[in-house]
Structure formats: C-alpha cells, structure tokens
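Visitor: Fold the following, please.
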Amino acid sequence: MPSVEAAHPIEAVILDVGGVLLIPHADVVSEALSGFGVRIDHALAERAHFVAIAALDTADSETGFLKYREAYAQAIGIPEKDTEAALERMQELWGGRTSDLWRQPVSGSVDGLRELARRNLKLGIVSNSDGTVEEQLRTREICQVGEGLGVPVLAIIDSHVVQVAKPAAEIFQHALEPIGVAPERALYVGDTVRYDVNGARAAGLWPIHFDPFELCQQRDDHAHVRRIGELDEILGSDG
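Guide: Just a heads-up that it's a prediction; the model follows:
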C-alpha cells in the first residue's frame with residue numbers, strides 16, 4: 001500500500017462510522033426485501049456494502065447512490081425481474097432513520113478501535129449522518145466522548161448537527177479543534193474515495209481508504225487498509 005510519509009508524527013486518528021464501524025444490518029435488509037426471495041447473512045451484507053461502495057465511487061455524482069443500490073441488489077442476488085421494485089424498496093429503507101439500518105458492526109473494527117486507544121492516540125469521529133450517530137455509537141458501546149462503556153474519543157461530529165457534510169473540508173475542522181491537532185498530524189479513515197479520501201485530503205489530513213475486499217481501483221493514489229488493525233503498519237512503532 002502507499003505509505004503515509006508524514007513530515008510530523010501522527011497524533012490522531014479520525015474515523016468514519018458508516019462503512020468503517022457500522023454497515024446496513026443483514027436482518028433489516030433481509031426483512032425489507034423478503035418479498036423478493038432473498039435472505040442474507042452478516043458476511044454477505046458486509047461484502048454487498050463494499051461492492052456497492054466501489055460502484056458509487058466509479059459513478060458520476062448524480063447517479064452515485066443509484067449505482068450503490070443497483071450493485072448492492074445484484075450482490076445479494078435480487079432476481080433481474082425484481083430489480084426495479086427492489087430498488088424502490090431499498091431507496092425507502094436507505095432514506096429512513098440511519099440508526100434503524102446502519103447497526104451491523106464491521107468485522108474487527110471495534111477491536112481495532114480499542115487497539116488504537118491503547119496506543120494513546122487522540123481519537124475522533126466524523127460522519128455524514130442524520131443527527132443520531134453520537135447516540136448510536138454510545139448505545140452500541142462502540143465509543144463516546146469521554147469515559148463510558150465504549151472507547152473514549154475526543155469528538156463525534158455528525159454532519160446534520162454541524163450543517164456541513166463530507167467531502168467539504170470544513171467538517172473535518174469541527175473534529176480537529178476539540179482534538180487539538182493540526183490536520184497534517186491526523187489520519188482519516190473512511191470507506192469511500194468520493195467523500196472520505198477526497199474530503200480528508202482537501203482538509204489536509206492523511207486519507208486512509210478502508211477497503212476490506214480490495215475493490216478500489218485507485219491503488220496508487222492513496223493508502224488502503226482491509227481492517228483497522230492494519231493501521232499499525234502505517235503508524236509504525238511510534239504511532
């Protein structure tokens with residue numbers, strides 16, 4: 001993977017939520033699409049999300065989320081004759097309350113977050129969401145600002161709350177200020193090129209593409225990890 005050759009030591013890791021810590025839950029999707037004869041397990045739901053993200057990243061900005069749903073439907077085995085109806089149902093589901101759908105933990109990511117905390121890194125969250133992400137992370141005991149049942153972090157930034165969304169560079173500043181680091185001393189980990197890699201780079205952070213199935217077509221453009229634990233290779237022994 002391309003290395004992060006930072007001029008200054010990396011002091012902070014900021015993470016996305018959707019596609020890094022949580023993905024659409026297999027049971028929720030299965031129930032919503034049960035009329036189309038599909039039943040998916042957690043492993044298939046995980047792969048389908050990242051296949052769909054790869055499709056979103058290679059589509060134009062106008063059709064990105066449509067291409068996401070089309071690729072997801074194909075990945076979970078929706079019959080071609082049912083595609084149009086299934087896409088309409090998926091649009092309703094994905095357009096609903098984030099916490100109702102995005103609640104399946106990504107394999108290994110919570111353990112990876114705990115490992116980052118043990119390295120004494122400054123940690124934060126930046127997510128395009130609907131105002132529910134802080135509550136959801138706390139309820140699921142993933143992380144919270146300050147002490148609690150999850151990993152302590154210094155900032156949880158929800159685009160709905162701050163009224164600016166990725167890839168706008170301004171959203172990252174909302175996290176950097178309470179964390180107290182300069183952008184060149186921070187990594188940002190997200191699952192898309194369009195919103196995460198491009199947004200973090202524009203804000204001056206080091207972008208890390210979370211790509212568990214190595215589907216990104218821009219392998220030489222930015223660093224990739226298949227799991228949060230691989231950040232050790234980027235951070236090095238002094239992380």
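Visitor: Output the lowest-mean-pLDDT helix or strand in the chain as CSV, restricted to C-alpha atoms.
Guide: The helix or strand of the chain with the poorest confidence is helix 231-235; it has a mean of 89 (mean pLDDT, DSSP states H and E). Extracted C-alpha coordinates of helix 231-235, given in CSV (Å, rounded to 0.1, in the frame of the first residue of the first chain):
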residue,chain,number,x,y,z
LEU,A,231,-3.2,1.0,10.7
ASP,A,232,-0.4,-0.3,12.8
GLU,A,233,1.7,-0.8,9.6
ILE,A,234,1.0,2.9,8.7
LEU,A,235,1.5,4.3,12.2
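Visitor: any idea of the mean pLDDT in the host helix or strand of residue 87?
Guide: In this structure, residue 87 sits in helix 83-94 according to DSSP states H and E. Mean pLDDT, helix 83-94: 97.
Visitor: Buried residues in the least confident helix or strand of the chain, which are they?
Guide: 231, 234-235 (16 or more other C-beta atoms under 10 Å). Heads up, the C-betas are built off the backbone N, CA and C, glycines and all.
Visitor: Repeat that for stretch 154-166.
Guide: 154-159, 161, 164-166.
Visitor: Include distance to residue 53 when you put the buried residues of helix 231-235 into TSV, please.
Guide: Listed next are the buried residues of helix 231-235 as TSV, based on distance: C-beta to C-beta, whole Å:
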residue	distance to residue 53
231	19
234	21
235	24
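Visitor: Closest to residue 10 out of the residues you listed?
Guide: If you rank the buried residues of helix 231-235 by distance to residue 10 using C-beta to C-beta, residue 235 comes first, at 5.8 Å.
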